[in-house]
Structure formats: C-alpha cells, structure tokens
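*Asks:* here is the input, now give the coordinates:
(chains A and B)
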There are 2 protein chains.
Amino acid sequence: MDQSDLQAPTWQLSERARKLTSSAIREILKVTERPEVISFAGGLPSPATFPAERMREASDWILRHDPAAALQYSATEGYLPLREWIAARYSANGAAKGAANGAAIRASQVLITTGSQQALDLLGKVLICKDSPVLVETPTYLGALQSFSMYEPHYVQVPTDENGLIPEALTPDLTAGARLLYAQPNFQNPTGRRLPLERRRALAAFAKTAPFPVIEDDPYGALDYAGEPLPTMLSMSPDHIVHLGSFSKVLAPGLRIGYIIAPEELHFKLVQAKQATDLHTPSFTQRIVHEVVKDGFLDTHVPTIRALYRDQCAAMLASLERYMPEGVSWNRPEGGMFVWVTLPAQMNSMKLLEEAVAQNVAFVPGGPFFANEAQHNTLRLSFVTVSPTKIDEGVAKLAALIRARI
Amino acid sequence: MDQSDLQAPTWQLSERARKLTSSAIREILKVTERPEVISFAGGLPSPATFPAERMREASDWILRHDPAAALQYSATEGYLPLREWIAARYSANGAAKGAANGAAIRASQVLITTGSQQALDLLGKVLICKDSPVLVETPTYLGALQSFSMYEPHYVQVPTDENGLIPEALTPDLTAGARLLYAQPNFQNPTGRRLPLERRRALAAFAKTAPFPVIEDDPYGALDYAGEPLPTMLSMSPDHIVHLGSFSKVLAPGLRIGYIIAPEELHFKLVQAKQATDLHTPSFTQRIVHEVVKDGFLDTHVPTIRALYRDQCAAMLASLERYMPEGVSWNRPEGGMFVWVTLPAQMNSMKLLEEAVAQNVAFVPGGPFFANEAQHNTLRLSFVTVSPTKIDEGVAKLAALIRARI
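*Replies:* The predicted structure follows:
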C-alpha cells in the first residue's frame, strides 16, 4: 500500500470544532510540570488527601465478591446504591450539608456522571441551542464555558461583586430567552467567593418562577474551613434547582465520579443524552466510591482535607499581606482552593505570567474565566498542592515582579 | 420553604433533546432482566470471560505502588503507556491483527475514550453540523445513530448486501457534502457481517481521496472464530482512516475503555472536544487495563472468548436450521456476537417481540438499526450469554411463533 503518496487529509470540521483554538495559557503552563516550578496554577487537589489504602481495600473486596457486575455494562443512570446514598445525604435524615429544611431528594433524581465536567456537557446538550442565551457569573468556571461552548450559546454575563452573583441584576431584560443560569455558590472557581445566605434565598426564589433552570454547581461545598456550610439552593427550591456534585475534591478526581440532581423530567432527558454520550460511567469506579463512602467515611475524612487547605490558605494570605505592593487586592476565602487577585487596572496578568514562569512561578491569568469582556488585571492562585514555605517563596517572587511593573 | 406550591418546571429544551423519544423496545425489553427470560437481546459480553482475578491483582498493584497518579487528574489524551501499547499493537512489530503491511501507528494518534460510545460522540461533535450528510451502512449500529443524532445530521444510507457495504455504491451523488462515513467492517452490530478483503481495499482507497474521514469502528475484530483476521482498513490507509477500538469485548465493558486512532490534526481537535466533555477517562481504569494487557495477556485470553462464542454461535445456527420455517433466512457469522434474521417480507419483528416476550423469549427487532427506511421484517439475535440448551429452547419457541404467523 502506498500510504505516503498523499498529503494529510483536510476534512471539513463542524462549526463548533472550527471555533476551538489552542490555548496560549496551556502552552505556557506546560512548564509547570518541571519540579523546580512553584505552581499556583493547578486546580488539582492535593494527593496527600487521597485515601489510597481505603480504595485498595474497596477494589479488592468488589473484585473478590461481585466481579461480574462490577465489570459488566450497567445502567446509564448509575449504580443504584450510590444514587440512593447521594439522595439520602441530601435529604433530611442524611448527615448532609445544606439539608436543613428537610427537602427530600429521591434517588430517581440522581444521575451519576463521568466527573462533574460531563454533567456540564450533558446540560449543554439537553438545554442549549445555537445562539440561545446562557447566563453565567462574571467571572465563571472555565470548564463550564468550554462545555457549553460546544453547543454554541450566546453568553450573558451576570454582574457580581465581592460576594458573588447579584440576584437583583437578574432583570427580565438580562434574562430574556435564557436556557440556563450557571453558578458556583461555594468557593467559586476562580474567585473563591461564597454566595451569602440572603442571596441564596433570593436566587432560589428566582428559580421557582424562572422559565429556565438555575444550575448550582457545587464541587467545593464540603471544603468550608470552619465546617459551617451554608444551605444549598437545592434545599430551598428542590424542584427548581439543578444541583451538581462531585467526589473529585473529597475523595479523588482520577475516578471521575460526579452527579446531577435534577427534577425527574429533566433527569430523564439527561439520561437519554448520557446514553448517547458514553452509555454509562464505569461500573467499577462507581462501586469503589460507594464502598468507600457508605459507612460514613467522608465524615472523618473531609475534615482532614479542610484542615490542610485552611492552613495553606492562611499561609498564602499571610504571604500576600507580607509582600504585595499597594494597588493589589485579593479576597479572603472561607473555603475551597483558590484566591482571586486583582492587579492595578492597567496591568495584564498574561504578560505577568510570562515573566513569572521565567522565574519558575506559575498561576492562571483571569482573562479566560470571563465569558465576554475580560478583566485582564486578574489572576487565580491555588494554594492546595504547595507547602507553606514554597507558597511564601512564590508569592514573594510574584510580588517583586508586580512591584517592578507599577 | 414552600417547595410544593408550584408545579414541576417546564423548561425549554434544546432541539436535539426534544427529538429524543422514549424507546418502545427498551420498555418491552425491561422484562429480560427476569431470570426466566431467555434473552437473545443483549449486546453484553459473557461475564464468564471477564478476567476478574487478573484485574484484582492489577488494581492491588496500582493502588499499592502508584496511588497518587492513579487517583489524580490526568492528561486528556489518556495514559501514555496504554497509548503506546495500542500504537505498538497496530504497528508492524506488534502482535497486531491487521498490521500485515507494516503501517506505523504513533501514540500521538491515539486518544483513550470512555468506551467506544464516547468516541462516536466526540466524532459527532467535531465533524457534524446540523443537517450535514452522514453516511451509514444499511443497517448500522444503533449506538452510532444515537450519538451522531445529537448533532442533528441528515443520514444517507449506503447500500449493502450479505457481505456488508458495497463500495461501488459510494457515487459522487450519494456522498456529496458528507462529513463522515461510518462502518463496522468486522462482524457488524447488528448483522454480524464481515467486509471481504477486496471491499476493504476498495473502501480504503476511497478514503484516500474522499473529502471526509471513513470511520472504521472495530469492537469485534478480535472475535473471529477461526483466528484469521482480515487486515484493517487502517493498515491500508493509515493517514485517511479513523479507527475505533475497545477493550469491552476482549476484557470487560464495565471499565469503559475505548480508543480512537486518527491523523494528528483530527486527533488534536478530538482531544479539545474530549476536554470539554469529561476532562479525561478515569486514570485508575486506564492503568488497570494497561497493567493487565502489557505482557501479552490478550494473546492467551482472547482465544478462550473466541472459542466460547464460536460454540454458542454454532449452537444457535444449528437450532435455527432445526426449527425455522421456510421463508426465514439468516447469515452464518464468522465471528462476533450476533446473527441477523430476515423474516418473510410482510412480517413485523416488533409485533413478534411482543408475543415472544409473553413466552419469555427476547431479541432486538431490526427496525431501529436503520437510519431512514427500516426493514421491519428483520431481527438481531445474540448468542453470547445463553447456554446451548437455552439457545435451542428459545429458538424453538421463536420458530413456533413465526410459523403461526406465516
């Protein structure tokens, strides 16, 4: 066969694929894999928190006692005992965060997804038409923009302040024709902001009359440092909120287990879409998660993650305080993995990243987190995988670079 | 909170979601979960073939020696050693099926997917625009229709005969504007047909000049009963064929590990689309597969699966011969999991299914496997999870029902 006599093929791609561009930031951040780089760029949880031995025991048990089911095709909806566990945890009698008002969540509302990222893809598939408006926070989670963009929406930025999304901004004008509103109320990626109780109530009330779902994406809710979670919006409007959860930040992300809690009618459409997307999430990893969590493991495990992140967050805040020049501001997160930094207005964090990487420090510039008009003088710092000593060293270097540019 | 004072929400769905309808067949086939039902309906491999103990050892080893990496986020492209193993197996020096002509496949062409089903979703995402033509076999794999339909193509059926797709039928008129041609050359689902060598050559040559990719979906290639595989089209036109593979039929489907081998330019777009879809396939399950297969395990394991399926296929063919009335025809598969049965022209296999289920026998009617005009007098029988005794009993019952309708 003469396989080299023709050029590489140029096939016509879909419109959505043609819009996909290579990320300049991703290219720059490739250097962060070098061990000498102090990286505040990662969204990765600390591997120190992974309960590997517990998972090994669970895997062993499952493959000894139930291998045929764990290795076979299984239901698109997910492993029923895990769905039941999740429903119970969110309901009154579970030990759940945010279940204060006794809203009952049914297993029939729970769909297991291949990570939270897939939940976003499925919601895009089922809700978004080309050019239909989609409401997002300012800024918002980059991964959600990537997922939704595959369905070519028209993004509408909802105004925010230091407490997150401003419910009063959701005027009929702004929300006209919207297919969904996407929000992360707990320790948002990238800003680390937490939506206050009154705003949750206002947004949950808004959801009850809105002609589109409010998506409450909650990967970081369990990581509140004080152990005093605010109630979820799901608990306030259980029939009008679509809630996304994940085991990535409380167990381990490499298993890719997330979930969607949705009203049954939408749930049913999401199941059909998931069937067309990957049939089902791996049977084995779902069983591992269930085996690990079913007897209350998270109640003792999650506090150890919280304590680690709280200390490292405190270290970063202290270093920022110590080194940053006037004109630089940042928030003080009450949980999660990120600090959001605002530079003087004229400064571009993308340029700063190039200089920082040359000095072996990395972070993520804020620009890509904005759906439309970007604030280029912002950046996201993660503190979860870096030791306090290295945090101090890295922040000092960053501060020197910023000072030199003021 | 007064959560019961409002009706369930009616949110506007995307056009693609509104087209999704509940499957009547799926509803009927729910009964096949009852143990008394003899089900020829499943596309499930036999759990008797799952190497559970081998997987237990692999899981144990990974979680003892490399837990931090196996449980962490990982590259969208997939686990590099597994990608390298796949590339080597398809290249000249690997022990690969169909690598006869020495085409070199590079790991940089391999993308690990969450099952083959996800490969279909990603190809749809990256190649199909609304209303663009997509070429499929007559009939074709139902899962591919489900995936592609999410991107709202216009299906064009390519004519087939008892040997599968007819390359001469791919006229400029038929293929005008097409975004892809989708085919399963080995023991196709649903027909069990294998594309002969000459047709493979013709189709591979066609791929070299076609302005769209030819997708060679090959989940069943290793399951040829005689152990005499025909070369893949990938080996004939390595730069112009997109090849899909899977470990579901040779190891276990519950791990959901498949792959796409594609020219680098398309590969890169597929990676971007996958990142938006589920970030990456679980790190842990990819490592399990690699750990199990890396030392040649499949070379001894797959022949045991072949032997099992060959015997059960022979049992089914013998029973069909024994009981079926004149006017009913079927093929004699040389591999795979399915026999395709054609009833007298006026007979509807959907009606037959209702009667069969009432007698505790199940199969899948052929209609849904046709993209456009369906041949309703067809049906698919799977023989892989049913014992020869039960095969005989089930086929006898089916034949009696058919006889009564002639």
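
*Asks:* dump the residue contacts of A:Val386.
*Replies:* A:Ile38, A:Ser39, A:Phe40, A:Gln312, A:Gly394 (C-beta atoms under 8 Å, 6 or more residues apart in numbering or on different chains). Using the backbone N, CA and C atoms, a C-beta is placed for each residue, glycine as well.

*Asks:* contacting residues around the closest residue to the first one other than its chain neighbours?
*Replies:* When you say that, I think you mean A:Ile38. Counting by C-beta to C-beta, 6 or more residues apart in numbering or on different chains, A:Gly394 is the residue found nearest to A:Ile38 once chain neighbours are left out, at 3.7 Å. Applying C-beta under 8 Å, 6+ apart to A:Gly394 gives the contacts A:Ile38, A:Phe40, A:Val361, A:Val386.

*Asks:* quick check: which element contains A:Thr285?
*Replies:* helix A:283-293 (DSSP states H and E).

*Asks:* and that helix, what does it pack against?
*Replies:* helix A:52-65, helix A:67-70, helix A:80-90, strand A:257-261, helix B:283-293 (3 or more C-beta pairs under 8 Å, 6 or more residues apart in numbering or on different chains; DSSP states H and E).

*Asks:* deepest in the core, which of those is it.
*Replies:* Ranked by mean neighbour count, these are led by strand A:257-261 with a mean of 26 (mean count of other C-beta atoms under 10 Å in any protein chain shown).

*Asks:* list the pairing partners of that strand within its sheet, with orientation.
*Replies:* Strand A:257-261 has its sheet partners listed here by DSSP bridges as strand A:110-114 (antiparallel), strand A:241-246 (antiparallel).

*Asks:* let's have the helices and strands packed on helix A:283-293 in a markdown table, adding distance to B:Thr113 and mean pLDDT.
*Replies:* Shown next, in a markdown table, are those (distance: least, C-beta to C-beta, whole Å; pLDDT from 0 to 100):
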| stretch | distance to B:Thr113 | mean pLDDT |
| --- | --- | --- |
| helix A:52-65 | 22 | 97 |
| helix A:67-70 | 20 | 95 |
| helix A:80-90 | 23 | 96 |
| strand A:257-261 | 17 | 98 |
| helix B:283-293 | 10 | 98 |
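
*Asks:* re earlier: so the helix holding A:Thr285 versus strand A:110-114, what angle?
*Replies:* 120 degrees (axes from the mean of the first three to the mean of the last three C-alpha atoms, to 10 degrees).

*Asks:* distance check, the closest residue to A:Leu223 other than its chain neighbours against B:Ala178.
*Replies:* In space, and not counting its chain neighbours, A:Leu223 is closest to A:Gly335: 4.8 Å by C-beta to C-beta, 6+ apart. The spacing between A:Gly335 and B:Ala178, counted by C-beta to C-beta, to the nearest Å, is 51 Å.

*Asks:* one step back: dump the strands paired with strand A:257-261 to a markdown table, plus mean pLDDT and distance to A:Gly78.
*Replies:* Output for the strands paired with strand A:257-261, formatted as a markdown table (pLDDT from 0 to 100; distance: least, C-beta to C-beta, whole Å):
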| stretch | mean pLDDT | distance to A:Gly78 |
| --- | --- | --- |
| strand A:110-114 | 98 | 3 |
| strand A:241-246 | 98 | 12 |
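
*Asks:* most neighbours per residue, which of those strands?
*Replies:* strand A:110-114 (a mean of 27).

*Asks:* out of the contacts of A:Val386, which sit inside strands?
*Replies:* A:Ile38, A:Ser39 (DSSP state E).

*Asks:* list the contacts of A:Ala176.
*Replies:* For A:Ala176, the contacting residues are A:Pro133, by C-beta under 8 Å, 6+ apart.

*Asks:* pLDDT wise, what is it at?
*Replies:* Listed pLDDT for A:Ala176 reads 97.

*Asks:* A:Ala48 now?
*Replies:* At A:Ala48, pLDDT is 88.

*Asks:* tell me who's in contact with it.
*Replies:* A:Leu308.

*Asks:* so it sits in a helix?
*Replies:* Yes. Assessed by DSSP: H, G, I helix; E, B strand; the rest coil, A:Ala48 belongs to a helix.

*Asks:* highest neighbour count among the contacts of A:Gly394?
*Replies:* A:Phe40 (28 neighbours; other C-beta atoms under 10 Å in any protein chain shown).

*Asks:* any bit of the helix or strand of chain A with the lowest mean pLDDT sitting next to chain B?
*Replies:* Each helix and strand of chain A was given a mean pLDDT (mean pLDDT, DSSP states H and E); the minimum falls on helix A:24-29 at a mean of 75. No. Judged by C-beta under 8 Å from any C-beta of the partner chain, helix A:24-29 makes no contact with chain B; its nearest approach is 9.6 Å.

*Asks:* residue of the stretch 301-406 of chain A nearest chain B, please.
*Replies:* A:Thr385 (9.9 Å; C-beta to the nearest C-beta).

*Asks:* thought that residue was touching A:Thr49?
*Replies:* No. Assessed by C-beta atoms under 8 Å, A:Thr385 is found out of contact with A:Thr49, at 10.2 Å.

*Asks:* all helices for the stretch 251-400 of chain A, in order.
*Replies:* Applying DSSP state H, counting those that start in this stretch to the stretch 251-400 of chain A gives helices spanning A:264-278, A:283-293, A:297-323, A:349-358, A:388-405.

*Asks:* would you mind finding the most buried of those?
*Replies:* Comparing these by mean count of other C-beta under 10 Å gives helix A:283-293 as most buried, with a mean of 24.

*Asks:* ok, and what's touching that helix?
*Replies:* A:51, A:54-55, A:58-59, A:61-62, A:66, A:69-74, A:78-79, A:81-82, A:85, A:112, A:247, A:251, A:255-257, B:254-255, B:282, B:284-285.

*Asks:* before we move on, what about stretch A:262-269?
*Replies:* By C-beta under 8 Å, 6+ apart, stretch A:262-269 touches A:106, A:108-111, A:126, A:213, A:239-240, A:242-243, A:260, A:270, B:8-11, B:13, B:17, B:20.

*Asks:* apply 10 Å and report the result again.
*Replies:* A:77, A:106, A:108-111, A:119, A:122-123, A:125-127, A:213, A:215, A:234, A:238-244, A:260-261, A:270-271, B:8-11, B:13-14, B:17-18, B:20, B:22 (C-beta atoms under 10 Å, 6 or more residues apart in numbering or on different chains).

*Asks:* same question for that stretch, mean pLDDT?
*Replies:* Rounded mean pLDDT across stretch A:262-269 is 95.

*Asks:* before we move on, what about stretch A:298-312?
*Replies:* Per-residue scores along stretch A:298-312 average to 95.

*Asks:* cool, stretch A:202-212 as well?
*Replies:* 97.

*Asks:* in that stretch, what counts as buried?
*Replies:* A:Ala202, A:Leu203, A:Ala204, A:Ala205, A:Phe206, A:Ala207, A:Lys208, A:Ala210, A:Phe212 (16 or more other C-beta atoms under 10 Å in any protein chain shown).
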